[in-house]
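# Whatever this is, show me its structure:
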Amino acid sequence: LQKKPYLTPAMVKMRLHDTAVSIRLPKEQQGWGMLDVKALLDS
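Model (predicted):
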């Protein structure tokens, strides 16, 4: 957030969702998947 202080909580949530990687489990078990921190920081 220091790098991109204009991000709103909704934008952070969307980026977390959009950059998560599926771990090939049902959504009830994996949620959004595994975080891809590099992709998140690069987005």
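
# what residues are up against G33?
G33 sits next to A20, V21, S22, I23 when contact means C-beta atoms under 8 Å, 6 or more residues apart in numbering. For glycine as for every other residue, the C-beta is placed from the backbone atoms N, C-alpha and C.

# Only the buried members of these: can you turn that into a PyMOL selection?
Listed next is the PyMOL selection for buried residues among these, using 16 or more other C-beta atoms under 10 Å:
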select buried, resi 20
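
# between the contacts of G33, which is closest to K38?
Within those, the smallest distance to K38 is 10.8 Å, found for V21 (C-beta to C-beta).

# Specify the beta-bridge partners of the closest one.
M34 (DSSP bridges).

# Now do the contacts for it.
G33, M34, L35, D36.

# I'd guessed L35 sits against S22; true?
No: using C-beta atoms under 8 Å, L35 makes no contact with S22, being 11.9 Å away.

# OK, contacts around the closest residue in space to A39 that isn't next to it in sequence?
Sequence neighbours aside, T19 is the residue nearest to A39 in space, at 4.1 Å (criterion: C-beta to C-beta, 6 or more residues apart in numbering). By C-beta under 8 Å, 6+ apart, the residues touching T19 are L35, D36, A39, L40, S43.
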